[in-house]
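[1] build me a model:
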Amino acid sequence: MALNTIIRAIIAVFGLGLIVYIFMPAVSDLYYNQEGLWSTAPAEMLQTRDNIYTLLTATPLLAIGVIFIWSYVSTQSKEGY
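    Modelled structure (predicted):
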């Protein structure tokens, strides 16, 4: 049972890494390479952009934490519940 959970956790972290590897260049391009869009934007819009970018870069760390918590909880469960 524990080996199955470990393998699933490794696959989940690997899949998360692939998702980040695929989508972060697009997010980075929207953040850094849109000079015409962001040069005339008000300060509130720039702050919102920065907050969204920070959230998108921190989300994989939270997801890895959830995967490890799920792995721990699934190995600690008792039969019969």
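[2] and what about the residue nearest the centre of the chain, helix, strand or coil?
    When CA atoms, centre = their mean is applied to the chain, the residue found nearest the centroid is residue 60 (2.3 Å). Here residue 60 is recorded as helix under DSSP: H, G, I helix; E, B strand; the rest coil.
[3] quick one: the helices in this structure?
    2-32, 35-38, 43-76 (DSSP state H).
[4] output the below-cut-off pLDDT ranges for this protein.
    In the predicted model, the chain carries pLDDT under 70 at residues 1, 77-81.
[5] try 90 this time
    1-6, 8, 20, 23-43, 45-50, 52-59, 70-81 (pLDDT under 90).
[6] give me every residue that touches residue 9.
    67-68, 70-71 (CB atoms under 8 Å, 6 or more residues apart in numbering). Any C-beta I mention is one placed from the backbone N, CA and C, and that applies to glycine too.
[7] I meant to write residue 19 there.
    residue 60.
[8] any idea how far it lies from residue 9?
    16 Å (CB to CB, to the nearest Å).
[9] can you name the residues that contact residue 47?
    Contacts of residue 47 by CB under 8 Å, 6+ apart: none found.
[10] repeat for residue 49
    Residue 49 neighbours (CB under 8 Å, 6+ apart): 31, 38, 41.
[11] now tabulate those residues in TSV and tack on neighbour count.
    Shown next, in TSV, are the contacts of residue 49 (neighbours: other CB atoms under 10 Å):
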residue	neighbour count
31	16
38	14
41	13
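[12] which of these lies closest to residue 54?
    Using CB to CB, residue 31 comes nearest to residue 54 of the contacts of residue 49, at 10.0 Å.
[13] nearest residue to the closest one in space, please, no chain neighbours.
    residue 53 (4.9 Å; CB to CB, 6 or more residues apart in numbering).
[14] and stretch 54-70, what's buried?
    56, 63, 67 (16 or more other CB atoms under 10 Å).
[15] so the first one touches residue 28, yeah?
    Read it as residue 56. No. Residue 56 lies out of contact with residue 28 (CB atoms under 8 Å); the separation is 9.5 Å.
[16] burial measure for residue 30, as a count.
    15 (other CB atoms under 10 Å).
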